[in-house]
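In: Model the following, please.
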Amino acid sequence: MQSIEELQIKLKGEVGRWEETLFGWFCDFARQVAVDLLGSLDEELMKERESGLEVIGFREHGVTTVFGDIRIKRRLYRDGQGRYRFLLDEAMGLDKGCHVSPRVKEAVAREQEHRRMRTIPVDGDTLAMLRDYIEWGGLVKRAGKTLLFGINRHRAWQIVKECANRAGLPKLVNPESGKVHNVSPHRLRDAFAVHAIKIDDSGDGLRLLQEHLGHASFNTTAKYRKVAGYELREWYSKLCAKGREERGT
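Out: Sure, this is the predicted structure:
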């Protein structure tokens, strides 16, 4: 780890990156302090351990923290029933065999929850209906949360199917496999994606579609471009058929 003097010299040469430089230095410092403090804590836990716990030896363990990866050396214990325990892991809140700190797990969970959220444009008429629905007391309170619609996944599928039947919508045909499917939320989502790419298959259009669908990988979005290209296959088939016709084969 760099000393303060060394850090000052580095900052002079990288003034434009002073935040990254300081952040990296603080993380290095935090990792070093964490290893020292956790080692001391392991020592205290050993002294204060309950009777019947036998120290078997030391085991190293890598942990990903909010300030980077660290390796700690902690004591392994065995109780009177032959079960093994790491008192330090338990004190740190680590699950058995887990290499991620609780705070990092929370951050990952928040990020995953954020990725599941969608920002969807709503037209004026739909927005007006939603406002009326809320004013009429349509919101549902459950488990301490306020829900817009208190329905489960299965009921949502039923509603979409019923609305499709009332509207007289035909069943959907997969352009690649030829399979026929009933109208469902997932099939409508696929149909929307294919239609969106037919309208705009530019790089920006695909990027916006990826964000709208919530795909982590661009390749997942790009598959709709392949599906939407069935007109190209039809065109190519017509050319081949025309060529065979002219050759008399």
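
In: Tell me the helix or strand right after the lengthiest helix in the chain.
Out: Longest among the helix segments of the chain by residue count, using DSSP state H, is helix 18-47. The C-terminal neighbour of helix 18-47 among helices and strands, as given by DSSP states H and E, is strand 54-65.

In: tell me the angle that next one makes with helix 18-47.
Out: Angle of strand 54-65 versus helix 18-47, following axes from the mean of the first three to the mean of the last three Cα atoms, to 10 degrees, is 160 degrees.

In: Name the strands paired with the helix or strand just after strand 54-65 and say parallel or antiparallel.
Out: Next along the chain after strand 54-65, taking DSSP H and E as the criterion, comes strand 68-78. Note on strand 68-78: by DSSP bridges, its sheet partners are strand 54-65 (antiparallel), strand 84-85 (antiparallel).

In: How about residues contacting strand 68-78?
Out: 27-28, 30-31, 34-35, 38-39, 42, 45-46, 49, 53-63, 84-89 (Cβ atoms under 8 Å, 6 or more residues apart in numbering). For the C-beta atoms, the positions are set from N, CA and C on the backbone; glycine is no exception.

In: Show me the one of the strands paired with strand 68-78 that comes nearest N165.
Out: N165 lies closest to strand 54-65 among the strands paired with strand 68-78, at 50.9 Å (Cβ to Cβ).

In: tell me which residues in the closest one are buried?
Out: 61, 63, 65 (16 or more other Cβ atoms under 10 Å).

In: Let me see the contact set for the last one.
Out: For T65, the contacting residues are 30-31, 34, 101, 103-104, taking Cβ under 8 Å, 6+ apart as the criterion.

In: and which of the residues you listed is nearest to A167?
Out: V104 (47.6 Å).

In: Show the average pLDDT along the longest helix of the chain.
Out: For helix 18-47, mean pLDDT is 91.

In: ok, residues contacting stretch 127-135?
Out: Counting by Cβ under 8 Å, 6+ apart, 122, 148 sit against stretch 127-135.

In: CA atoms only for it, dumped as CSV, please.
Out: Output of stretch 127-135 as CSV, limited to C-alpha atoms (Å, rounded to 0.1, in the frame of the first residue of the first chain):
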residue,chain,number,x,y,z
LEU,A,127,-53.3,7.5,-17.7
ALA,A,128,-56.8,9.1,-17.2
MET,A,129,-58.3,5.6,-16.6
LEU,A,130,-55.6,4.7,-14.1
ARG,A,131,-56.2,7.9,-12.2
ASP,A,132,-60.0,7.2,-12.1
TYR,A,133,-59.2,3.6,-11.0
ILE,A,134,-57.0,4.9,-8.1
GLU,A,135,-59.5,7.5,-7.1
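
In: roughly how far apart are G68 and D42?
Out: 20 Å (Cβ to Cβ, to the nearest Å).

In: Can you pull out the low-pLDDT segments for the protein?
Out: Counting by pLDDT under 70, the chain shows low-confidence ranges at 1-2, 112-119, 175-176, 227-236, 239, 242-243, 246-249.
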